[in-house]
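Visitor: Below is the sequence, then the predicted model.
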2 protein chains.
Amino acid sequence: QMGWGDLGVFGQPSKETPNLDAMAAQGMLLPNFYTANPLCSPSRASLLTGRLPVRNGFYTTNAHARDAYTPQEIVGGIPKEEILIPQMLKKKGYISKIVGKWHLGHRPKYLPLEHGFDEWFGAPNCHFGPNNSSRVPNVPVYNNSEMVGRLFEEFEINRKTGESNLTQIYLQEAVDFIRLQTEAERPFFLYWAPDSTHAPVYASKSFLGKSQRGRYGDAVMELDDSVGQILSQLKSLGVDDNTFVFFTSDNGAAVMSGPNESGSNGPFLCGKETTFEGGMREPAIAWWPGHIKEGTVSFQLANVMDLFTTSLALAGVSPPDNRTLDGLDLTPVLLKEPQTILNRPIFYYRGNELMAVRLGQYKAHYWTWSNSWEELKKGINFCPGEEIPGVTTHEQKEHTMQPLIFHLGRDPGEKYPISRISPVVEQHKKTLVPGNPQLNMCDVAVMNWAPAGCEKIGKCLKVPKSEPKKCDWPH
Amino acid sequence: QMGWGDLGVFGQPSKETPNLDAMAAQGMLLPNFYTANPLCSPSRASLLTGRLPVRNGFYTTNAHARDAYTPQEIVGGIPKEEILIPQMLKKKGYISKIVGKWHLGHRPKYLPLEHGFDEWFGAPNCHFGPNNSSRVPNVPVYNNSEMVGRLFEEFEINRKTGESNLTQIYLQEAVDFIRLQTEAERPFFLYWAPDSTHAPVYASKSFLGKSQRGRYGDAVMELDDSVGQILSQLKSLGVDDNTFVFFTSDNGAAVMSGPNESGSNGPFLCGKETTFEGGMREPAIAWWPGHIKEGTVSFQLANVMDLFTTSLALAGVSPPDNRTLDGLDLTPVLLKEPQTILNRPIFYYRGNELMAVRLGQYKAHYWTWSNSWEELKKGINFCPGEEIPGVTTHEQKEHTMQPLIFHLGRDPGEKYPISRISPVVEQHKKTLVPGNPQLNMCDVAVMNWAPAGCEKIGKCLKVPKSEPKKCDWPH
Ligand SMILES: [Ca+2]
Ligand SMILES: [Ca+2]
């Protein structure tokens, strides 16, 4: 949810991320790093599986080129056939923990401990409302496979003041986990996934009102501070030289949420939900003292799916050979030759439609769409303040015969179309085997009414009658 | 002409300014630094006089709120009553040189050596066309008070390839001047004003094609390299510890010139010619090893006029007391307390109309205008790809009764208006004594037909009949 332009090192005028900026100065900055999808759930599914959402099932075919994620009504989740990072790392004795938002399905079979994680502290869905459990349950907070409370209830987020100490709880979980594994001399994988920069944005009392940027900036400062504390913990335990740390975000800043509830995509067009650069270019920093040369910048085109392949390479685990992986092993770039650029495309999807592709500095749009006129008329704007005729279109516009092409070096803002690419895309399309779409069906009965463990703490809610229906994805 | 977003340290994705980024790491970055006007001539007049264009005469009243500069037809120039930095520094024995574009009037009485500079190598006007001296003379290049050739003639700029070694000549002039003054143990003031990032953008052969950003990026790389060489020269001569160096630009990136001929204003709205942030927020770095703490960031609201007052303070010269100065002495911020912020407004003018003011994080627009519908229809767009209803207006829209207010911390892109300021502005308006406008009158006869020295080199052209007329300022 953090945007490319939210870090000082990426040009945020407020320069309020001293810890992330220092992390970059001690490590490698990747200005050409992407997510696999401009939305949270598919992006996270790709990070953990090393595969595009269209392969791992995190997409919808309910309508053409729709963004979809896992709200509480969702029926689907991460298929059991998918292999996640922690499952692979287990082969080398790693213990794995996720702290924070999961978002790969909240029904029991989809939860983290069913998919290779040994520990989990956090929420299965996104924390936006409601604030009571009447029409919709508040999202539960799990400790491992049992809930320990609900957001807005035991885990307070004050919608009015924006105060919540959830990030501090997540931080404590992280540093404790690191300490315990280090003491036990166990190799570990920590997936730290806080969500305070997602609307409703929240921060702890000691950060509220501290930034130049309002509540969103306060949340960014707290995350920055947390990253600083995690790196400090690694240093003080003496394991900074054998711990690979990577910082990135799941999608571009949600600029449709307005200035108090969203961040900056720097010079890039539009934001979250779109396949323009603002939706998918992410801040990214790799850190590993003594292994990654300090103060380097790599212009490698890279993405979250590379973290799957790269983590495996670092742990000495061979990648699964019975499926297509979309990630590259970045270790040659990270550890040896930051200036060598591996040739590879970046694909931009909405649903199962390939909207755009980037090759080198060139990006070709096969389809353009921001959101519909209907939404726009209601005040939902994916590109506030930006309008590029024929580019930020409000109808789905096809350009497959004559792709809209931009040179992202000269024109990072995608304002000045030029012309043509193609064979890599044909190859990609020909060899693509779509996974079974998980985000088509919704049912009020599958919500978090009564998650495992709810009895113990008296937090079960009555499950309503099942009413399966096609989910509605308006943009 | 360089934009805020053109430096790596300010978020340019290409990260192609290693020398400027290093200068920032060794000195102080000022993310809230402004020019006095979104256009070249008034901005430079303000830098050298420490006064707003509306005071020093660098504005027009031909029509309401018009941008104006000094083309070859201009009659006016910097008035003799104005006091420039080099005139003040002379009191302490400084020798002063300008290298590059002057732009404060090209008629003999307006030239640099008539206004306190001891030396000059460069051009009096901007280098855009034509490429021959028929309808309009090509701009002369002066060495001190005599021309030594013309642009596109003795000083080639290849419009097709973009090749010109002018920046290398300017660099040589700078390093030679620094060496000579250091050897003679004379205090010096060097105003290094290259113009290669102004359309038509040019670069030397060794930089052409080297950047990720096309020709504009090549020019930026050459300027960055030149700054690196100037700082190296200071270090190798051992005078880095007693030389104050400041880097900034005269106006925001000229985004109307398109991606090959203009730069980036980062997260800011619109560009050159406008009083939105993209027009007036400038990249700025202060450098003085041993005096300015390395790696500092100051959020002080500052501007080019402060360089007048600050330079005098550094040289131990009292500022003139017989006129209003708009610049602050920044030495407390630069040398002592980077985190102390001096309270002061930033004024944004077009002609003699106060378009906007910034106080702290708040900016109020009294008038909004990008450019006219007529120009826009011709394809001249001051905010390409950006459109904020009621903000980037194509008619001059008055908001004096209810200013359009933005919080630049939360909303650096000026997309989300909020409400109200005022007493500082009233005070400013009440006490303002406008100077005599220098940019109203034009005459074909005052062009650079026969500048001083043209006889010696056989470069004089016939001066046509005088035809004084009001200059036309369409935006
Ligand atoms: Ca998200
Ligand atoms: Ca200029």
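Guide: Looks like it arrived, so ask away. Everything numeric here is computed off the predicted structure, so don't read it as measured data. Numbers count the residues shown, from 1 in each chain, chains lettered A, B, ... in the order given. Ligands and ions are numbered 1, 2, ... in the order given.
Visitor: Name the residues linked to A:Cys386 by a beta bridge.
Guide: No, residue A:386 isn't Cys; it's Glu. Counting by DSSP bridges, A:Glu386 forms beta bridges with B:Glu386.
Visitor: Pick out the residue of chain A closest to ligand 1.
Guide: Using Cβ to the ion, the closest approach of chain A to ligand 1 is made by A:Cys40 at 3.2 Å. (C-beta placed from N, C-alpha, C; glycine too.)
Visitor: how close does that residue sit to A:Ile405?
Guide: Distance, A:Cys40 to A:Ile405, using Cβ to Cβ, to the nearest Å: 29 Å.
Visitor: and the two? which has more neighbours close in?
Guide: A direct count of neighbours by other Cβ atoms under 10 Å in any protein chain shown for A:Cys40 and A:Ile405 places A:Cys40 higher, at 26 against 19.
Visitor: Pull the number of nearby residues for the residue nearest to that one when sequence neighbours are not counted.
Guide: If the residues on either side of it in the chain are set aside, A:Cys40 comes closest to A:Asp250, at 5.0 Å by Cβ to Cβ, 6 or more residues apart in numbering or on different chains. For A:Asp250, the count of nearby residues is 26 (other Cβ under 10 Å).
Visitor: From A:Asp195, how far off is A:Asp250?
Guide: 9 Å.
Visitor: Just the buried residues of the helix or strand that contains A:Asp225, please?
Guide: Element membership of A:Asp225 [criterion: DSSP states H and E] is helix A:214-236. Buried residues in helix A:214-236, counting neighbours by 16 or more other Cβ atoms under 10 Å in any protein chain shown, are found at A:214-231, A:233-234.
Visitor: for stretch A:134-147, same thing?
Guide: A:136-142, A:144-147.
Visitor: who's in contact with it?
Guide: Outside stretch A:134-147, the residues within contact range by Cβ atoms under 8 Å, 6 or more residues apart in numbering or on different chains are A:72, A:111, A:113, A:119-127, A:129-132, A:148-155, A:447-449, A:451-454, A:456-457, A:459, A:461.
Visitor: make it 7 Å
Guide: Contacts to stretch A:134-147, defined as Cβ atoms under 7 Å, 6 or more residues apart in numbering or on different chains, come from residues A:72, A:111, A:113, A:119-125, A:127, A:130, A:132, A:148-153, A:155, A:447-449, A:451-454, A:459, A:461.
Visitor: Ok, stretch A:155-175 next?
Guide: Stretch A:155-175 is contacted from outside by A:99-100, A:121-122, A:127, A:131, A:141, A:149, A:151, A:190, A:192, A:194, A:196, A:200-205, A:208, A:215, A:222-223, A:226, A:229-230, A:233, using Cβ under 7 Å, 6+ apart.
Visitor: Tell me the buried residues within those.
Guide: By 16+ other Cβ under 10 Å, the contacts of stretch A:155-175 give A:99-100, A:121-122, A:127, A:141, A:149, A:151, A:190, A:192, A:194, A:196, A:200-204, A:208, A:215, A:222-223, A:226, A:229-230, A:233 as buried.
Visitor: Can you pull out the low-pLDDT segments for chain A?
Guide: Of all residues in chain A, those with pLDDT under 70 make up the ranges A:133, A:419-426, A:428-429, A:474.
Visitor: Show me what residue of it gets nearest to chain B.
Guide: A:Gly11 (1.6 Å; Cβ to the nearest Cβ).
Visitor: I'd like to know how far the residue lying closest to that residue once chain neighbours are set aside sits from B:Pro283.
Guide: Using Cβ to Cβ, 6+ apart and skipping the chain neighbours, the partner closest in space to A:Gly11 is B:Gly11 (1.6 Å). According to Cβ to Cβ, B:Gly11 stands 10 Å off from B:Pro283.
Visitor: With A:Gly316 instead?
Guide: From A:Gly316 to B:Pro283 the distance is 45 Å (Cβ to Cβ).
Visitor: before we move on, what about A:Phe58?
Guide: 41 Å.
Visitor: just A:Thr392 next, same as before
Guide: From A:Thr392 over to B:Pro283 (counting by Cβ to Cβ), the distance is 28 Å.
Visitor: Grab the nearest non-local neighbour of A:Pro38.
Guide: Leaving aside its sequence neighbours, A:Pro38 sits nearest to A:Gly279 (Cβ to Cβ, 6+ apart; 3.5 Å).
Visitor: So the one you found is in contact with A:Glu273, correct?
Guide: Yes - contact criterion Cβ atoms under 7 Å: A:Gly279 and A:Glu273 qualify, at 6.2 Å.
Visitor: what's the overlap in contacts for those two?
Guide: In contact with both A:Gly279 and A:Glu273: A:Pro38, using Cβ under 7 Å, 6+ apart.
Visitor: Compare those two (neighbour count), which wins?
Guide: Using other Cβ under 10 Å, the more surrounded residue of A:Gly279 and A:Glu273 is A:Gly279, with 33 against 25.
Visitor: now that one, what's its secondary structure?
Guide: Of the three states, A:Gly279 takes helix under DSSP: H, G, I helix; E, B strand; the rest coil.
Visitor: Need the overlap of contacts for A:Asp250 and A:Asp195.
Guide: Listed as contacting both A:Asp250 and A:Asp195 by Cβ under 7 Å, 6+ apart are A:Gln1.
Visitor: could you list every residue that touches A:Leu48?
Guide: A:Leu48 neighbours (Cβ under 7 Å, 6+ apart): A:84-85.
Visitor: any idea how chain A splits into domains?
Guide: A:8-343+A:438-457, A:353-431 (the TED database).
Visitor: Single out the most deeply packed of the ones you listed.
Guide: Among the domains of chain A, ranked by average contacts under mean count of other Cβ atoms under 10 Å in any protein chain shown, first place goes to domain A:8-343+A:438-457 (a mean of 21).
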